[in-house]
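Novice: below is the sequence, then the predicted model.
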Amino acid sequence: MATRHQNAAAAPQPANRGAAVPAAKQKAAAAGRPEARNRRALGDIGNLVHPQALDCLKEGINRPITRSFGAQLLKNAQANGAVANKVAIAPARQAAAPKPAKKAPAKAKITTIPDQAKKPSEAVASSSAQKASRKKVVDTLTKVLTARSKVACGLTGRPKEPVEDIDELDKNNELAVVDYIEDIYKFYMTAQHESRPVEYMGNQPEINPKMRAILADWIVEVTHKFELMPETLYLTIYIVDMFLSVQQVPRRELQLVGVAAMLIACKYEEIWAPEVNDFISISDNAYSRPQILGMEKSILNKMAWNLTVPTPYVFLVRFVKAAGNDKELEHMVFFFAEMALKEYNMVSLCPSLVAASAVYAARCTLKKSPIWTGTLEHHTTFNETQLLEPAKVLVNAHAAAPESKLRAIYKKYATEQFGRVALHPPAVAAQGV
C-alpha cells in the first residue's frame, strides 16, 4: 500500500491540469495566503498620472492591463513627459539666463585681531602707530608766508605753458638736422663744463679787468672790419680767457695774445682766413711775424690744441630760435651777448647762462610779454630767478655804453645793418631787471 501511494505521488501529472482550475478559486487561494493578507492596498495614483499616460491608456491596448503592466505604462509615460518638458523649457531658460560673469580672483582676507586679544606690548605698539599716523602736519610760519606770497603773485594755480616745437618749420631742411638737434644740444650742455676759463685776475700781476675790456672791444672792432664770422669772435675771446687762466702774461704782450688768438680762430672757423701780415697791419706793426707765430704755438700748446668747445654763440642761435625768430630781437640778443664779452664778471659763467641772460635782457629791453616763456625755460634750462643777476649786469652795461670810452659794440649795433637796436632805451626795474 505504501508502495502504491508512493508510486502514485511520483506519477507524472497531466500538463493541462492546472488550467482546469477556475480563476475565482485561484483568487480565493491567493487571498488565503499570508503574503496576500499582509500586502498594502494600492493607493490612489490619479495625481501621479501624467496626462500623456492617460492618453496612452486610452489608446487601444489589446493585452489586459494588470497592475504591473499599468505601473510600467505609467512609468514610461512619466519619463516621456519629463523629457518633453526639458526639451521645451531648455531654450527659454538659455535665452533668459544671463551669461555667467567671470569670477574675480579671491582676495586674501585680512583678519584683524581685536585689541583685547592682543598682548599688552602689541596693543601699545599698534595704538602708538595709529596716533603717529593720525598726527597732523603742523605748518610753520615760513610755509604759510611762502604760500601767501605765491598766491599774491599769482604763482599758484597757474597752468603750465605748452612747449612750442621750434623745429616744426625745419623738418624738411636737411641742414637743420632736426632729428639730432636735441641730442646735439644735450651734448653741448654737458661739454660746456669740461673746459671753461676761471677767474684769473688774481694770478695776473700786470693785467686788470679794464685792460681785458679794452682788448675785447678792440677784437670786436677788428672782426667787424674784416667781416669775420660771429663764431670767430666768440672763439677768439674764449682762447684769450683760457690762455690767461693758465699763463701769466705781461701787459705789453696782452694785445699779442689777442692777435694770435684771432689768427687761430680764423684758421679754425673761416673759409678764407686773414694772413699774418693783415694782423701786423691792424696792430700798427706793434708785433713782428715771428712774435705772432711764436705766441700762436705757445697758446696751442697750453690749450693742448683743444679748440672744439661750445661757446656762447652755439647757444645763442638755439635760444633766439626759441624766443620767436624776431629779427629785431635777434639783433638785440647779439648786442647784449657781445656786451657780455667785455664783462670780466661773466668770464667764469657757463656759456649757456650767458646766452640765456642776453635773451632775457633783450626781451626786457624790447618789453616783450611775457618776458620768459615755458618754451625758453625748456630750451635754456634756466628760470627767471637764475637770470636776473647776469641780466642786470648787461642792462647796466647798455645804460653806460653811450658815455663809455669803449664804444665799438655800441657803434656797431647803432647802425642800420643791425636795426639800430643799441639806441633803444635801457630796460628799467619795472621790466624785471
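Specialist: Perfect, I can see it now.

Novice: report all helices and strands that the helix or strand where L388 lies contacts.
Specialist: Secondary-structure assignment from DSSP states H and E places L388 in helix 384-400. Secondary-structure packing of helix 384-400 (3 or more Cβ pairs under 8 Å, 6 or more residues apart in numbering; DSSP states H and E): helix 327-342, helix 351-365. For every residue, glycine as well, the C-beta is placed using N, CA and C.

Novice: which residues of this protein score low on pLDDT?
Specialist: Along the chain, segments meeting pLDDT under 70 span 1-65, 81, 83-139, 150, 153-161, 429-433.

Novice: tell me how it divides into domains.
Specialist: 196-302, 312-431 (automatic domain parsing).

Novice: quick one: which of the ones you listed is nearest T146?
Specialist: When the domains of the chain are ranked by distance to T146, counting by Cβ to Cβ, first place goes to domain 312-431 at 14.1 Å.

Novice: helix, strand, or coil at D284?
Specialist: Three states are possible here, and by DSSP: H, G, I helix; E, B strand; the rest coil the one that applies to D284 is coil.

Novice: now it. Its backbone dihedrals?
Specialist: Listed backbone geometry of D284 is phi 60, psi 40, with angles given as degrees, to the nearest 10.

Novice: gap between it and I264?
Specialist: 21 Å (Cβ to Cβ, to the nearest Å).

Novice: A286 too?
Specialist: 18 Å.

Novice: most packed of the helices and strands packed on helix 384-400?
Specialist: helix 351-365 (a mean of 27; mean count of other Cβ atoms under 10 Å).

Novice: tell me which other helices or strands that one touches.
Specialist: For helix 351-365, where contacts count as 3+ Cβ pairs under 8 Å, 6+ apart, the packed elements are helix 312-323, helix 327-342, helix 374-380, helix 384-400.

Novice: if you set the cut-off to 10 Å instead, what comes out?
Specialist: Helices and strands in packing contact with helix 351-365 are listed as helix 181-191, helix 230-246, helix 312-323, helix 327-342, helix 374-380, helix 384-400; criterion 3 or more Cβ pairs under 10 Å, 6 or more residues apart in numbering; DSSP states H and E.

Novice: can I get those helices in JSON lines with distance to Q255?
Specialist: What follows is the helices and strands packed on helix 351-365, written out as JSON lines (distance: least, Cβ to Cβ, whole Å):
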{"stretch": "helix 181-191", "distance to Q255": "30"}
{"stretch": "helix 230-246", "distance to Q255": "10"}
{"stretch": "helix 312-323", "distance to Q255": "23"}
{"stretch": "helix 327-342", "distance to Q255": "15"}
{"stretch": "helix 374-380", "distance to Q255": "35"}
{"stretch": "helix 384-400", "distance to Q255": "22"}
